[in-house]
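1. Have a look at this prediction, sequence included:
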Amino acid sequence: MATIETGLGTVIITGSSGLIGSAFLAHAGERYTELCLDSKAPPRLAPKTAHIIPCDLTSDENLHQALDEVRRLGHRRIASILHLAAYYSFASESSPLYEQVNVRGTEQLLHGLRDFEVEQFIFASTMLVHAPCEPGARINEDWPLQPKWSYPKSKVAAEQLILRERGDVPVVLMRIGALYDDHCHSIPLTQQIRRIYEKRFVSRILSGNVTHGVAFLHMEDMVTALALAVERRKELPQVTTLLIGESETLSYDELQRTISRQLYGQEWVTHQIPKRLAKFGCWLQNLLPGADPFLKPWMIDLSDDHYAFDISRARTLLGWEPRHSLRTSLPSIINELKLDPEGWYENNHLRAKTLPSQ
């Protein structure tokens, strides 16, 4: 491959094949030279300015080979690093991959970038690093940290590592809400919609407080925030922590009522059950032959958590405001399911055999 010679700023993206990475590439177009450090190519059509460089963050040797390729292509000055690559799974509460990918992979990346001129390092974190709040309160960037399971714990560890190892490189820590898009692509939301669509018994019960909920974030608003952070990199403080999410948090009960009304023309009442009973039910479900349960016993302790955002810092520093809301997006998400159930299930990685008879 010839050395890339353009006047565009260079952006390195880890995890470019993921939902955020591929959405950012589509949004950015040809404004930058995008160097995609990933183990596979983005699933969507990438702009002509994007170049895929094979990279495995868990391998120090492989990462250094990828960065050597960046140098060979003539890129020593990097406008921004978008560190989006991460391990994330609801299959189990813990996994060694949280440490290997989210923490050690971040450390190796930072060390490998030391002889580059880096103008900015953006890290995709999560709202789950924070302690939850009560309805009526709003979390801001100074809210206490209280990660409750391995994924957010790994993000806190990575954030702290970045602050220690950044040197003079300005950093942006983006703590983002629960992501979704026009086709859903949110595992918890997909599962909630699925339970109601399939009229499962568990769709009518919850172990947590039904008046609580979490802050969501549309993918288009997410990539807009990333793009604004890159564009304003020279105006931001050396260390910038931002909460990125919608300012309205819908309660679990409101989601239940909205989804059931959209699907069946009536609002379902959700009944709260004791946590011990819910854990036993989850454990029993996981033992059934051929079962495909999403809910796990360890999730029950998180069911009361409530997250509502104060996004004033993102408004001030980025001029960012979410243009979407889950409230207005849900009807089109549900309508897509009703029009093409099989396609919706496939698009959201659900087992089609659980589809109800039409």
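-> All right, it came through fine.
2. make it CA atoms for all contacts and neighbour counts henceforth
-> OK.
3. show me the contacts for residue 39.
-> Taking Cα atoms under 8 Å, 6 or more residues apart in numbering, we find residue 39 in contact with 54-56.
4. Find the residue ranges of the stretch 251-358 of the chain scoring beneath the pLDDT cut-off.
-> Residue ranges of the stretch 251-358 of the chain with pLDDT under 70: 287-293, 353-354, 356-358.
5. rewinding a little: for the contacts of residue 39, which one is nearest residue 81?
-> residue 55 (14.6 Å; Cα to Cα).
6. follow-up on the earlier one: show the buried residues in the contacts of residue 39.
-> 54-56 (16 or more other Cα atoms under 10 Å).
7. if you look at the residues you listed, which of them are in helices?
-> Within the buried ones among the contacts of residue 39, no residue falls in helices by DSSP state H.
8. State the distance from residue 262 to residue 18.
-> As defined by Cα to Cα, to the nearest Å, residue 262 lies at a distance of 30 Å from residue 18.
9. And residue 154, by the same measure?
-> From residue 154 to residue 18 the distance is 19 Å (Cα to Cα).
10. Looking at these two, which one has more neighbours?
-> Taking neighbours as other Cα atoms under 10 Å, residue 154 and residue 18 compare with residue 154 leading, 24 against 19.
11. if I pick that one, what's in contact with it?
-> Applying Cα under 8 Å, 6+ apart to residue 154 gives the contacts 98-99, 102-103.
12. How about the secondary structure of residue 94?
-> coil (DSSP: H, G, I helix; E, B strand; the rest coil).
13. Offset the numbering so it begins at 256, please.
-> From this message on, residue numbering opens at 256, which makes the last subject residue 349.
14. Leaving out sequence neighbours, find the closest residue to it.
-> Excluding its sequence neighbours, the residue lying closest to residue 349 (Cα to Cα, 6 or more residues apart in numbering) is residue 405, at 5.3 Å.
15. Ok, residue 482 next?
-> Distance criterion Cα to Cα, 6+ apart; nearest residue to residue 482, sequence neighbours excluded, is residue 283 at 7.2 Å.
16. Let's see the pLDDT reported for the one you found.
-> The score at residue 283 is 87. That number is its pLDDT.
17. Next, count neighbours for it.
-> 19.
18. Is it in contact with residue 480, as I believe?
-> No: contact criterion Cα atoms under 8 Å: residue 283 and residue 480 do not qualify, at 11.7 Å.
19. measure the residue nearest the centre of the chain to residue 386 for me?
-> Geometric centre of the chain, nearest residue: residue 434, 5.3 Å, by Cα atoms, centre = their mean. The spacing between residue 434 and residue 386, counted by Cα to Cα, is 19 Å.
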